[in-house]
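Asks: quick one, structure for this:
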Amino acid sequence: MSDSDVKRLRDLTPHQWKSGIAAWLGWLFDGLDIHLYTLVAVAFVAQLMLLPDGDPEVKEKAAYIQAAFLVGWAFGGAFFGRIGDWLGRSKALILTILTYAGFTGLSFFAQSWEQLMVCRFLAALGIGGEWAVGASLLAETWPKTWRPWLAAILQSGVNIGVLLASLAVTLLSIIPGYEMRWVFLVGILPALVTLWIRRAVPETEAWHEAKKTATHQPSGIRDLFRGDVRKITLLTLTVCALGLTAHWAFMFWCSQHLRTLPEFLEYKKGELDRVVTLGMTWVMLTSIIGNFIAAIFARKFGYRRSIVGMFIVYGLTMVWCYSSTRTMSGLWPFLLTIGISQGVFGLFTMYLPPLFPVLIRTTGAGFCYNFGRIAAAAGTVLCIYFKDYSTALVGAGMLFLVAAVAAWFLPDRNDAIEA
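Replies: Predicted coordinates for the structure are as follows:
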């Protein structure tokens with residue numbers, strides 16, 4: 001059946017349905033395992049170090065752990081991207097989920113901040129790999145005309161996963177004798193979905209055909225810097241590095257900023273946790289709306305222009321928001337706009353893989369998108385040297401504006417959305 005024949009959900013093949021569900025579940029559990037640490041970061045590191053939450057050394061070590069996570073995310077995208085091109089998308093997807101579920105669960109046993117950092121780094125290998133493998137799986141199975149909406153649905157899976165993490169922490173916190181390390185046991189749940197993927201999700205025809213017709217086995221990352229592919233690789237690396245650095249600076253330090261608002265100085269720890277959970281829940285709910293707004297923009301204006309426009313809105317909103325002292329009530333409209341702007345990252349899911357040839361598609365998408373995590377890791381650590389969280393977040397917003405300029409030079413690949 002050709003793409004033009006697929007007009008309704010009932011026209012989709014069982015293979016397409018299974019691939020879509022598998023990728024969406026992978027995204028959902030990505031969001032869950034990503035955010036479990038963010039919600040308890042400073043408080044849990046303080047507990048491990050036997051220091052108060054406000055100690056500068058705690059802030060520093062919490063940032064180092066998040067930086068290690070982002071670096072692992074980057075290496076995981078490159079490593080499992082190569083595995084996905086070698087073994088196939090379905091097998092690699094199973095390996096990535098087992099990796100991040102297993103090492104998130106092992107974080108429960110951490111007795112020092114160094115042990116926690118190692119577990120987060122190893123878990124991130126799987127999370128970074130899952131993005132690359134899942135994106136290629138869907139790019140090779142679903143109709144082109146459906147891809148903007150599919151990207152929105154997938155990105156919403158991440159948002160829902162973050163909401164589930166917030167819900168899990170909230171529910172656990174009301175249990176008598178609650179300890180923060182319990183939240184990491186929730187991260188083991190994704191391993192169960194691999195049993196279904198192994199049985200139900202077949203390999204893509206595009207991968208099988210490319211394997212049959214290949215005259216040589218691509219060498220991997222080196223092929224990304226050869227011939228016509230090199231320019232696309234360098235541009236994509238730049239955009240991803242700038243955009244993801246700014247985004248993850250917001251995602252990590254926004255929670256810490258909420259804890260320092262003057263109106264909450266007298267709040268106890270549990271009350272502060274609820275404030276942070278409420279704020280991030282608002283961002284995630286509006287992000288889900290943003291994913292579908294981004295899909296509408298992609299269909300109307302194309303991927304490149306949509307990415308540029310949403311980066312500009314994201315950046316200007318952050319600069320405006322954090323350049324002045326605001327109360328919690330004054331933050332709500334800004335967090336709404338920021339959340340909607342985060343829909344831009346859903347566009348990368350369907351935009352990046354088709355930029356690269358089939359046998360280096362997962363490698364290319366995974367390497368370029370997740371390389372941005374290394375830059376984001378450096379950015380997260382550098383934020384601790386700003387005088388306060390507001391100044392750091394303003395600086396991150398400015399990075400989005402630079403990313404928008406770089407994104408303008410990306411290729412127009414609207415074949416991903418045109419019939």
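
Asks: what are the buried residues along the strand or helix carrying Gly84?
Replies: Taking DSSP states H and E as the definition, one finds Gly84 inside helix 56-87. If you call a residue buried by 16 or more other Cβ atoms under 10 Å, then helix 56-87 has these buried ones: 58-59, 61-87. In this view, the C-beta of every residue, glycine as well, is placed from N, C-alpha and C.

Asks: next SSE after the worst-scoring helix or strand of the chain on mean pLDDT?
Replies: The helix or strand of the chain with the poorest confidence is helix 205-213; it has a mean of 67 (mean pLDDT, DSSP states H and E). From helix 205-213 onward toward the C-terminus, using DSSP H and E, the following helix or strand is helix 229-259.

Asks: and the angle for that following helix with helix 56-87?
Replies: Interaxial angle of helix 229-259 relative to helix 56-87 (axes from the mean of the first three to the mean of the last three Cα atoms, to 10 degrees): 150 degrees.

Asks: one step back: what's the next secondary structure element after the helix holding Gly84?
Replies: Immediately after helix 56-87, counting by DSSP H and E, sits helix 89-106.

Asks: how distant is the helix or strand following that following helix from the center of its chain?
Replies: Later in the chain than helix 89-106, the nearest helix or strand by DSSP H and E is helix 113-139. On the basis of Cα atoms, centre = their mean, to the nearest Å, helix 113-139 sits 10 Å off its chain's mean C-alpha point.

Asks: by how many degrees do helix 113-139 and helix 56-87 diverge?
Replies: Per the same axes, to 10 degrees, the angle that helix 113-139 makes with helix 56-87 is 40 degrees.

Asks: what residues of helix 113-139 count as buried?
Replies: For helix 113-139, burial by neighbour count (16+ other Cβ under 10 Å) applies to 113, 116-139.

Asks: for stretch 174-193, same thing?
Replies: Residues of stretch 174-193 classed as buried: Met180, Arg181, Trp182, Val183, Phe184, Val186, Gly187, Ile188, Leu189, Pro190, Ala191, Val193 (neighbour count, 16+ other Cβ under 10 Å).

Asks: same check, this time on stretch 267-275
Replies: Neighbour-count burial for stretch 267-275 [16+ other Cβ under 10 Å]: Leu272, Asp273, Val275.

Asks: do stretch 251-268 as well
Replies: Buried residues in stretch 251-268, counting neighbours by 16+ other Cβ under 10 Å, are found at Met251, Phe252, Trp253, Cys254, Ser255, Gln256, His257, Leu258, Arg259, Leu261, Phe264.

Asks: what does stretch 88-108 give?
Replies: Buried residues in stretch 88-108, counting neighbours by 16+ other Cβ under 10 Å, are found at 88-97, 99-108.

Asks: who's in contact with Ala132?
Replies: By Cβ atoms under 8 Å, 6 or more residues apart in numbering, Ala132 lies in contact with Gly77, Phe80, Gly81, Gly84, Thr362, Thr363, Ala365, Gly366, Phe367, Tyr369, Asn370.

Asks: can you rerun that using 10 Å?
Replies: If you count contacts by Cβ atoms under 10 Å, 6 or more residues apart in numbering, Ala132 has them with 76-85, 89, 92-93, 96, 352-353, 361-370.

Asks: find the nearest non-adjacent residue to it, please.
Replies: Of all residues not flanking Ala132 in the chain, Gly366 sits nearest, at 2.7 Å (Cβ to Cβ, 6 or more residues apart in numbering).

Asks: name the helix or strand for the one you found, please.
Replies: Following DSSP H and E, the helix or strand that holds Gly366 is helix 361-382.

Asks: can I get the CA coordinates of that helix in CSV?
Replies: In CSV, the C-alpha atoms belonging to helix 361-382 read as follows (Å, rounded to 0.1, in the frame of the first residue of the first chain):
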residue,chain,number,x,y,z
ARG,A,361,20.3,7.0,9.2
THR,A,362,20.1,6.0,12.8
THR,A,363,23.8,6.8,13.3
GLY,A,364,23.3,10.2,11.7
ALA,A,365,20.1,11.2,13.6
GLY,A,366,21.4,9.8,16.9
PHE,A,367,24.9,11.3,16.7
CYS,A,368,23.8,14.8,15.6
TYR,A,369,20.8,15.1,18.0
ASN,A,370,22.5,13.6,20.9
PHE,A,371,25.8,15.4,20.4
GLY,A,372,23.8,18.4,21.6
ARG,A,373,23.7,16.6,25.0
ILE,A,374,27.4,17.1,25.5
ALA,A,375,27.1,20.8,24.9
ALA,A,376,24.0,20.8,27.2
ALA,A,377,26.1,19.0,29.9
ALA,A,378,28.7,21.7,29.8
GLY,A,379,25.9,24.3,29.9
THR,A,380,24.3,22.8,32.9
VAL,A,381,27.6,22.9,34.8
LEU,A,382,28.4,26.4,33.7
